[in-house]
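A.B. asks: give me a model of this one.
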Amino acid sequence: MPELPEVQTIVDGLNQKIKGYTIVDFWTEWPKTIKMPLASFKKEIIGRKIIKAERRAKNILIYLSGKKIMLVHLKMTGHLLVKDEKAKVKNKYFEEKVNGYIRHSWFLKKGKQELKLDFSDLRKFGRVELFNESDLKNHETLSKLGIEPLSKEFTLENFTIALSGKRKSALHSALMDQNKIAGIGNIYASEVPFEAGVRPNRKVSSLKSEELKALHKEVIKVLQKAIKHRGTSDSDYRDVDGAPGDFQKLLKVYGQQGRACKRKNCKGEIVRQKIGQRSAFWCSKCQK
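C.D. replies: Numbers count the residues shown, from 1 in each chain. Now for the predicted structure:
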């Protein structure tokens, strides 16, 4: 599932490419994704202008004129593609199989310019909602989300408070609890503890103050670095141009089981363990 860096990369791409465009038509082959009757959805969105895109946890919020918000959740295999089908130079990435599972298309126009926003989703688990901007604070899912790790509110104190509610849980599980900290998934719940030198299978209650400080610092650092490298493409994730991210080339532990630790002067080996039905990865030697 795309995590915070991947979703933020897509949001940044949407803001660069489709702000100011008007939705002139919509097509779908899988209306079950849309959380309202298809006819009503089309009637509500056609004619509205795209104001901006934002991210909340792993959700994409597309603000439309008339104070409407279109929420897109990519789930396991979804990603959004922005296409100019009249472009003289073809985008080779759009021809790749991973970008070919188009379930929905929004047709956009701004003056004489025309674009298409495609939702590619192999497993069809994605979700699309439409609601009033005034309902954002009380949204049944969004209102329950925890603190944003790249926001000003993500202080060491608030990070510690968030984890304090998961004292009996493994660190790996606590970092992925969306009601505590929003946007971290399996990849970064392994990468962050590695950078902090802490084993992800440690109970939260066992963490010392200096370890919490290191973890807080590395949450911010790792996520920012992953965004800079346009996310991790370990399977289906692609950006709005259909291109893979680069952060998978920089992963230290995730998916590296059986390999030598990449930390300088460490001779440990990366191990994998199931924690709460999810795989966690860490170095057997340098993480304590």
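A.B. asks: C-alpha from now on. contacts and neighbour counts both.
C.D. replies: Noted.
A.B. asks: which residue ranges of the protein form strands?
C.D. replies: Secondary structure of the chain (DSSP state E): strands at 22-28, 50-56, 59-64, 68-73, 78-83, 102-110, 113-121, 127-132, 270-275, 278-283.
A.B. asks: break this protein down into its structural domains.
C.D. replies: Here the domain assignment for the chain is 4-144, 156-283, based on automatic domain parsing.
A.B. asks: so which other helices or strands are in contact with the longest helix belonging to the chain?
C.D. replies: Longest helix of the chain, by residue count under DSSP state H: helix 209-228. Secondary-structure packing of helix 209-228 (3 or more Cα pairs under 8 Å, 6 or more residues apart in numbering; DSSP states H and E): helix 4-17, helix 156-164, helix 188-196.
A.B. asks: what mean pLDDT does the last one get?
C.D. replies: Yep, that's helix 188-196 we're talking about. Helix 188-196 comes out with an average pLDDT of 99.
A.B. asks: now do it: everything it contacts.
C.D. replies: Identification of contacts with helix 188-196 by Cα atoms under 8 Å, 6 or more residues apart in numbering yields 172-173, 175-176, 199-200, 211, 214-215, 218-219, 222-223, 251-254, 280-283, 287.
A.B. asks: any weak-confidence spans in the stretch 101-250 of the chain?
C.D. replies: In the predicted model, the stretch 101-250 of the chain carries no residue with pLDDT under 70.
A.B. asks: how many other residues sit next to K110?
C.D. replies: 15 (other Cα atoms under 10 Å).
A.B. asks: just checking, it touches G20?
C.D. replies: Yes. K110 is within contact range of G20, at 6.9 Å (criterion: Cα atoms under 8 Å).
A.B. asks: most tightly surrounded among the strands of the chain?
C.D. replies: Stretch with highest mean neighbour count among the strands of the chain: strand 78-83 (a mean of 25; mean count of other Cα atoms under 10 Å).
A.B. asks: average model confidence for that one?
C.D. replies: For strand 78-83, the mean pLDDT works out to 98.
A.B. asks: buried sites along stretch 238-249?
C.D. replies: For stretch 238-249, a neighbour-count test (16 or more other Cα atoms under 10 Å) marks R238, D239, V240, D241, G242, A243, P244, G245, D246, F247, Q248 as buried.
A.B. asks: got these as JSON lines, with distance to L71 columns?
C.D. replies: JSON lines is the format used below for the buried residues of stretch 238-249 (distance: Cα to Cα, whole Å):
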{"residue": "R238", "distance to L71": "19"}
{"residue": "D239", "distance to L71": "18"}
{"residue": "V240", "distance to L71": "16"}
{"residue": "D241", "distance to L71": "20"}
{"residue": "G242", "distance to L71": "20"}
{"residue": "A243", "distance to L71": "23"}
{"residue": "P244", "distance to L71": "23"}
{"residue": "G245", "distance to L71": "23"}
{"residue": "D246", "distance to L71": "26"}
{"residue": "F247", "distance to L71": "26"}
{"residue": "Q248", "distance to L71": "27"}
